[in-house]
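Student: I'll drop the sequence and a predicted model, then ask my questions.
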Amino acid sequence: MGYRELMDVAAGFAAFLIIILIYVFLMDARGRKLRKELDRVRKMAGETEKKG
Amino acid sequence: MAQQLKYGLAVVSAALAFWVVYLVATTLPLEVQGVGAYQNFYFHVGSFITAFSGFFLGLAASILYLKTGNFKYDSFAAGVNEIALLFATTGLVMGSIWARYAWGVWWAWDARLTSMLLCWLVYAGYLMLRTSVEEPSTRARLSAVLSIFGCMIVLFVYKSIDWYRTQHPSAVFGFRGGGGFGPGIMYPVLLAWGSTLCLGILLAMVRMEQAEMSREIDALRRQVHSY
Amino acid sequence: MWTIAAKDLRSEFRTREAINASLAFSITILVLFSFAFDPENPDIKIDELAGGLLWMVYSFAAALALNRTFARELQNDCLDALLAAPIPQSALFLGKTLANFALLLAIEILSLAAFGIFYHVNVLEHLASLLLVIVLGTWPMAAMGTFFSAITVNLRLRELMLPVMIYPALVPALLAAISLTGGLLHGDPLRVDDGALKILVSFDIIFTSVAVILIDFVLVG
């Protein structure tokens, strides 16, 4: 396998991994945000129910 | 249980991926049908097959949603379509890198490339539609309609390729019955497909949980506001 | 269905706002195209580009005109009234489509004339076939445009979402229409067994039926 082929194959795999990793990172960030928001809203709902 | 399933999927996906990389490094031919640098091909095709499996599952879930009105199907369609779009992206980017090597250009306005890009645009529009509708049931209804419509468009575009020239190597799964690949090539393609599929299922599960979570947030907010 | 179409066309005739704006817009684009390449340069074969240019103008003008299909019913809650009326949604959809179809045809024929004058292209040579292609290519624009404007009517960013969704959906039809129009303006007569013509006709039939089936889920009262 020559140098160019090697570079090409490496670039392809690297691109695949980078895209997946970026997506996973974004999804993780969104998941954290959602979980935080869910806790906040649950607490809020609990409080209003007590007062209710 | 769901957590263990996720770990299992991750392990299987990684194992299959390493298997493909090992085969690529040791036994597989450098050229197929006179086209060089074929090592990327396996994940390129695997990505696309996973993407199309996802789009069809999304279509099925959308039809079921319109039939039943069950929000589970909406979350499922949202997760599956987003992950399918992710794998369509990796497939396109890997194909583009390969094209730079094989054709000397990053992109060619070939029929199959064009239709894949259109498919990508249709589903990017689907995700944009999802973010721009606030009301959950309207969002579910409209995006289900768009998912069904998008699938039809993609099928039509794919079918109309037959009338135009193509310089892309022939399809692995074509409407004209099979591509020109021997079993030695099909086998790692299937492995790569398995790997991307496991990863895809894993990601789609996480995405689905997020969709359910955001719906719960929405419901709770409504409840709080109604007091 | 005809009532809806007639109503829309009548209100358009009273104000003539969509037709004036779209026509001015398409002529502006025609002028802008003359800067993209030099029409006086003999090396540029204008009749080979003509089909593409013409359909670019048409699709831009269509997106502009079709945005308002359902949006204008939002004032005074007319859309809710239309949905509550005892007619099937598909009739509402087809009526709106017919009205848009007539509107777009009027814009297109006028800008076709402007195109012929500005770019020295002989549009009269195969006028009948050309009109047939324009009719076949405009129908999906009207139908898809009406369908997607029904989807986007209640969105934030309505004006931005419509073009994003409509152009990918129209590509097969536009591609076929461009290749047919290019051939006709180049001087080749229309052949019945042309692949592009088959694509265009089957696109029209298939996607109009799909839109009619799915519209029940889009327009819900």
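Tutor: Alright, I've got the coordinates.
Student: report the separation between residue B:119 and chain C.
Tutor: 8 Å (CB to the nearest CB, to the nearest Å). Where you see a C-beta, it was placed from the backbone N, CA and C, and this is true even at glycine.
Student: residues from chain B in reach of chain C?
Tutor: Contact residues (CB under 8 Å from any CB of the partner chain) of chain B with chain C: B:66, B:118, B:121-122, B:125, B:128-129, B:132-133, B:138, B:141-142, B:144-146, B:148-150, B:152-153, B:156-157, B:160, B:163.
Student: out of the residues you listed, list just those in helices.
Tutor: Counting by DSSP state H, the residues of chain B next to chain C place B:66, B:118, B:121-122, B:125, B:128-129, B:132, B:138, B:141-142, B:144-146, B:148-150, B:152-153, B:156-157, B:160 in helices.
Student: in what helix or strand does residue 47 lie?
Tutor: Reading this off chain A. Residue A:47 is located in helix A:3-51, with elements delineated by DSSP states H and E.
Student: not quite, go with chain C.
Tutor: Going by DSSP H and E, residue C:47 is part of helix C:46-66.
Student: output the helix or strand that comes right after that helix as CSV, nothing but the C-alphas.
Tutor: The helix or strand immediately downstream of helix C:46-66 is helix C:68-71, counting by DSSP H and E. As requested, the backbone C-alpha atoms of helix C:68-71 are provided in CSV (Å, rounded to 0.1, in the frame of the first residue of the first chain):
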residue,chain,number,x,y,z
ARG,C,68,-49.0,33.5,0.8
THR,C,69,-51.3,30.7,-0.2
PHE,C,70,-52.3,29.8,3.4
ALA,C,71,-50.7,32.7,5.2
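Student: buried ones only from the residues of chain B next to chain C, please, as a PyMOL command.
Tutor: Command for PyMOL that selects the buried part of the residues of chain B next to chain C, burial taken from 16 or more other CB atoms under 10 Å in any protein chain shown:
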select buried, chain B and resi 66+118+121+122+125+128+129+132+133+141+142+144+145+146+148+149+150+152+153+156+157+160
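Student: SS state for the residue in chain B that chain A sits nearest to?
Tutor: Residue nearest to chain A within chain B: residue B:40 (3.5 Å; CB to the nearest CB). Secondary structure, DSSP: H, G, I helix; E, B strand; the rest coil: residue B:40 is helix.
Student: which residues does it contact?
Tutor: By CB atoms under 8 Å, 6 or more residues apart in numbering or on different chains, residue B:40 lies in contact with A:8, A:9, A:12, A:13, B:94, B:97, B:98.
Student: intersect the residues of chain B next to chain C with the contacts of chain A.
Tutor: Answer for the residues of chain B next to chain C near chain A: none qualify (CB under 8 Å from any CB).
Student: residue ranges with poor pLDDT in the chain?
Tutor: All of this refers to chain A. Scanning chain A for pLDDT under 70 picks out A:1-2, A:4-5, A:51-52.
Student: try again with chain C
Tutor: C:221.
Student: for it, what lies in contact range of chain B?
Tutor: Close to chain B, as judged by CB under 8 Å from any CB, chain C has residues C:147, C:151, C:154-157, C:161, C:164-165, C:167-169, C:171-172, C:175-176, C:195-196, C:199, C:203, C:206-207, C:210-211, C:214, C:217-218, C:220.
Student: in helices, which of those residues appear?
Tutor: C:147, C:151, C:161, C:164-165, C:167-169, C:171-172, C:175-176, C:195-196, C:199, C:203, C:206-207, C:210-211, C:214, C:217-218.
Student: who's in contact with residue C:129?
Tutor: Residue C:129 touches C:184, C:189, C:190, counting by CB under 8 Å, 6+ apart.
Student: helix or strand for residue B:25, which one?
Tutor: With DSSP H and E as criterion, residue B:25 is part of helix B:2-26.
Student: what's the angle between that helix and helix A:3-51?
Tutor: Angle of helix B:2-26 versus helix A:3-51, following axes from the mean of the first three to the mean of the last three CA atoms, to 10 degrees, is 170 degrees.
Student: can you tell me the closest non-neighbouring residue to residue B:12?
Tutor: The shortest distance from residue B:12 to any non-neighbouring residue, by CB to CB, 6 or more residues apart in numbering or on different chains, is to residue B:198 (4.9 Å).
Student: what residues does the one you found make contact with?
Tutor: Residue B:198 neighbours (CB under 8 Å, 6+ apart): B:9, B:10, B:12, B:13, B:16.
Student: switch the cut-off to 7 Å
Tutor: Residue B:198 makes contacts with B:9, B:12, B:13, B:16, as judged by CB atoms under 7 Å, 6 or more residues apart in numbering or on different chains.
Student: how far out from the middle of the chain is stretch C:147-163?
Tutor: Between the centre of stretch C:147-163 and the centre of its chain there are 16 Å (CA atoms, centre = their mean, to the nearest Å).
Student: can you show me the CA trace of that stretch as PDB?
Tutor: Output in PDB follows, covering the C-alpha atoms of stretch C:147-163 (Å, rounded to 0.1, in the frame of the first residue of the first chain):
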ATOM      1  CA  PHE C 147     -48.800  21.300   0.100                       C
ATOM      2  CA  PHE C 148     -45.600  22.700   1.800                       C
ATOM      3  CA  SER C 149     -47.100  26.100   2.500                       C
ATOM      4  CA  ALA C 150     -49.900  24.200   4.300                       C
ATOM      5  CA  ILE C 151     -47.200  22.600   6.400                       C
ATOM      6  CA  THR C 152     -45.300  25.800   7.100                       C
ATOM      7  CA  VAL C 153     -48.300  28.100   7.600                       C
ATOM      8  CA  ASN C 154     -48.100  28.000  11.400                       C
ATOM      9  CA  LEU C 155     -44.300  28.000  11.800                       C
ATOM     10  CA  ARG C 156     -42.000  30.600  13.000                       C
ATOM     11  CA  LEU C 157     -39.700  31.300  10.000                       C
ATOM     12  CA  ARG C 158     -42.400  30.500   7.600                       C
ATOM     13  CA  GLU C 159     -40.800  32.400   4.700                       C
ATOM     14  CA  LEU C 160     -37.500  30.600   5.200                       C
ATOM     15  CA  MET C 161     -38.800  27.100   5.800                       C
ATOM     16  CA  LEU C 162     -40.800  26.900   2.600                       C
ATOM     17  CA  PRO C 163     -37.900  27.300   0.100                       C
END
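Student: I'd guessed residue C:37 sits against residue C:46; true?
Tutor: No: when contacts are counted by CB atoms under 7 Å, residue C:37 is not listed as touching residue C:46 (8.6 Å).
Student: have a look at these two and say which one is more surrounded.
Tutor: Neighbour totals were compared for residue C:37 and residue C:46, and residue C:46 leads with 16 against 13 (other CB atoms under 10 Å in any protein chain shown).
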